[in-house]
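Student: Generate coordinates for the sequence data below:
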Amino acid sequence: MKPLIHISLFLLFLSSIFCFSFAAEKYAAIFNFGDSLTDVGNLCVDGIPSYLATARWPYGMTYFGYPTGRCSDGRLVIDFIAQAFGLPLLPPSKAKNATFRRGANFAITGATALDMSFFEARGLSKTVWNSGSLHTQLQWFEEMKPSICSSPQECKGLFGRSLFIVGEFGGNDYNSPLFAGRDMMEAHTMIPHVVESISSAVEKLIEQGALDLVVPGVFPNGCSPVFLTLFKSKEDGYGPQSGCLRKFNTLAWVHNSMLQRAVRRLREKYPAARIVYADYYTPVVQFMLHPENFGFHRQLPKACCGAAGQDIYNFNLTAKCGDPGAEACEQPAKHWSWDGIHLTEAAYGFIAKGWLNGPYADPPIMTSQHPY
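Tutor: Numbers count the residues shown, from 1 in each chain. Got it, this is the predicted structure:
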């Protein structure tokens, strides 16, 4: 038994060294840009708007116990990442009397990669609700800088020790032609514009001193209850194993492939920066194919929070989660889809773990962190 005891003590010693090293290498701050996947309440800082169902109960029921403006029952990927690095949950950038020295969250529900003028020129202004595009959020970041650093040199030093998460962006851009009833090819023609906008934003942040950046891809929306409900297809339009709508997942796959190529080009152009491609697509498909591996029920991709009546996926446009007539399931942790559009805290937790340690990031955030 003695050799085993010695080995156990040695492993404990090693783990204590690892924990100390990790604690000594925290990011100074995290700055996040995005849409409803990472919005932590920017639309709610002046009170809850009457139109915003996502800021009503049962949103927030699992972790916070009340709605926070997050489109989930609890924490989002960005929350898990902040906690992993010992940082406070990021305040929404529009919050009053908040301090942003440890980071800020500029994400806002409805955000697009492209500015509103792009959609207006294509007659799509009625099907895009853009409350703050990517480049608008960058402008908010510029306006915040004087409150978090006093000189360009101080800003560059802070940003070089911070983590920047740029996205997800693109989902709302592609939804605009799809929900307008346009041909799928129109959404495909937007991909280069969307990817270029994201790439341009990453460059702007690097030029301001950012060294560690995470660039997420988009969801496989063909697996989402909202798409499965609203865009029914012939039998051959569904994946034989996943049951997801193929054409929507193909759109997401093409976007993600082009975005990964753009990330590789940015790495070549800025070798001092560490740019992570973060994957939403693979884990969601795995939730569909192997739900038991994550503790989820094996069933149709039903929304945990919603109402029946429109189809079999528990998503109803007239009674969405947060609306009268909608109810939440008893065990959100057994479901990956929260409201038919966004994910549960449990699902986001698995994704965050995969971004931090692999396999859902290239390279994993933990391995790409700068040794400050």
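Student: moving C-terminal of the worst-scoring helix or strand of the chain on mean pLDDT, what's the next helix or strand?
Tutor: Using mean pLDDT, DSSP states H and E, helix 2-23 stands out as the lowest-scoring helix or strand of the chain, at a mean of 38. Next helix or strand after helix 2-23 toward the C-terminus (DSSP states H and E): strand 29-33.
Student: Show me what that following strand is in contact with.
Tutor: For strand 29-33, contacts defined as CB atoms under 8 Å, 6 or more residues apart in numbering pick out 38, 78, 81-82, 85, 87, 90, 100-107, 134, 137-138, 141, 148, 158-159, 161-167, 169, 201. Just so you know, the C-beta spots here come from the backbone N, C-alpha and C atoms, and that holds for glycine as well.
Student: now the end-to-end length of stretch 318-326.
Tutor: 9 Å (CA to CA, to the nearest Å).
Student: if you average pLDDT over that stretch, what comes out?
Tutor: Stretch 318-326 comes out with an average pLDDT of 96.
Student: just stretch 250-258 next, same as before
Tutor: 98.
Student: same check, this time on stretch 339-349
Tutor: 98.
Student: cool, stretch 135-153 as well?
Tutor: 96.
Student: Any idea how far that stretch is from the middle of the chain?
Tutor: Taking the mean of its C-alpha atoms, stretch 135-153 sits 22 Å from the chain's own mean (CA atoms, centre = their mean, to the nearest Å).
Student: Show me what counts as buried in it.
Tutor: His135, Thr136, Gln137, Leu138, Trp140, Phe141, Lys145, Ile148, Cys149 (16 or more other CB atoms under 10 Å).
Student: So which residues of this protein form strands?
Tutor: 29-33, 103-105, 162-166, 212-216, 274-278, 305-306, 327-328, 361-362 (DSSP state E).
Student: Name the stretch among these that sits most buried.
Tutor: strand 305-306 (a mean of 28; mean count of other CB atoms under 10 Å).
Student: would you turn the buried residues of stretch 135-153 into JSON lines with distance to Cys305?
Tutor: Formatted as JSON lines, the buried residues of stretch 135-153 follow (distance: CB to CB, whole Å):
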{"residue": "His135", "distance to Cys305": "32"}
{"residue": "Thr136", "distance to Cys305": "29"}
{"residue": "Gln137", "distance to Cys305": "27"}
{"residue": "Leu138", "distance to Cys305": "33"}
{"residue": "Trp140", "distance to Cys305": "30"}
{"residue": "Phe141", "distance to Cys305": "32"}
{"residue": "Lys145", "distance to Cys305": "38"}
{"residue": "Ile148", "distance to Cys305": "36"}
{"residue": "Cys149", "distance to Cys305": "41"}
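Student: Of these, which is the nearest to Phe179?
Tutor: Thr136 (21.4 Å; CB to CB).
Student: can you count the residues close to Thr282?
Tutor: Thr282: 15 surrounding residues under other CB atoms under 10 Å.
Student: Who's the closest spatial neighbour of it, skipping the chain neighbours?
Tutor: Leaving aside its chain neighbours, Thr282 sits nearest to Tyr360 (6.0 Å; criterion: CB to CB, 6 or more residues apart in numbering).
Student: right, and the one you found touches Val284 too?
Tutor: No - Tyr360 is not in contact with Val284 according to CB atoms under 8 Å; the separation is 10.1 Å.
Student: Extract the CA atoms of stretch 143-151 and return them as PDB.
Tutor: Output in PDB follows, covering the C-alpha atoms of stretch 143-151 (Å, rounded to 0.1, in the frame of the first residue of the first chain):
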ATOM      1  CA  GLU A 143     -16.800  54.700 -26.600                       C
ATOM      2  CA  MET A 144     -16.200  52.600 -23.400                       C
ATOM      3  CA  LYS A 145     -12.400  52.700 -23.700                       C
ATOM      4  CA  PRO A 146     -11.900  56.000 -21.800                       C
ATOM      5  CA  SER A 147     -13.600  54.500 -18.700                       C
ATOM      6  CA  ILE A 148     -11.400  51.500 -18.600                       C
ATOM      7  CA  CYS A 149      -7.900  52.800 -19.600                       C
ATOM      8  CA  SER A 150      -6.400  56.300 -19.600                       C
ATOM      9  CA  SER A 151      -4.000  56.100 -22.600                       C
END
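Student: 20 is where my numbering starts, stick with that
Tutor: I'll keep to 20 as the first residue from here, and by that count the last item is stretch 162-170.
Student: low-scoring pLDDT stretches of the protein, where are they?
Tutor: The chain contains residues with pLDDT under 70 at 20-44, 387-391.
Student: and with 80 instead?
Tutor: 20-44, 149, 387-391 (pLDDT under 80).
Student: For the stretch 70-219 of the chain, which segments are assigned as helices?
Tutor: 96-103, 135-140, 153-167, 171-179, 190-198, 203-226 (DSSP state H, counting those that start in this stretch).
Student: Tell me which of the ones you listed lies nearest to Glu254.
Tutor: It's helix 203-226; of the helices of the stretch 70-219 of the chain, that one is closest to Glu254 (CB to CB) at 18.2 Å.
Student: how far off strand 293-297 does the closest one point, in degrees?
Tutor: Helix 203-226 and strand 293-297 meet at an angle of 150 degrees, taking axes from the mean of the first three to the mean of the last three CA atoms, to 10 degrees as the criterion.
Student: Name the residues of helix 203-226 that come out as buried.
Tutor: Buried-residue list, helix 203-226, by 16+ other CB under 10 Å: 206-207, 209-210, 213-214, 216-218, 220-221, 224-225.
Student: next one: stretch 103-117
Tutor: Ala103, Phe104, Leu106, Leu108, Leu109, Pro110, Pro111, Ser112, Lys113, Ala114.
Student: Export those residues as CSV, with columns for distance to Val147.
Tutor: Below are these laid out as CSV (distance: CB to CB, whole Å):
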residue, distance to Val147
Ala103, 33
Phe104, 34
Leu106, 33
Leu108, 29
Leu109, 26
Pro110, 27
Pro111, 22
Ser112, 21
Lys113, 21
Ala114, 26
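Student: Many thanks, have a good one.
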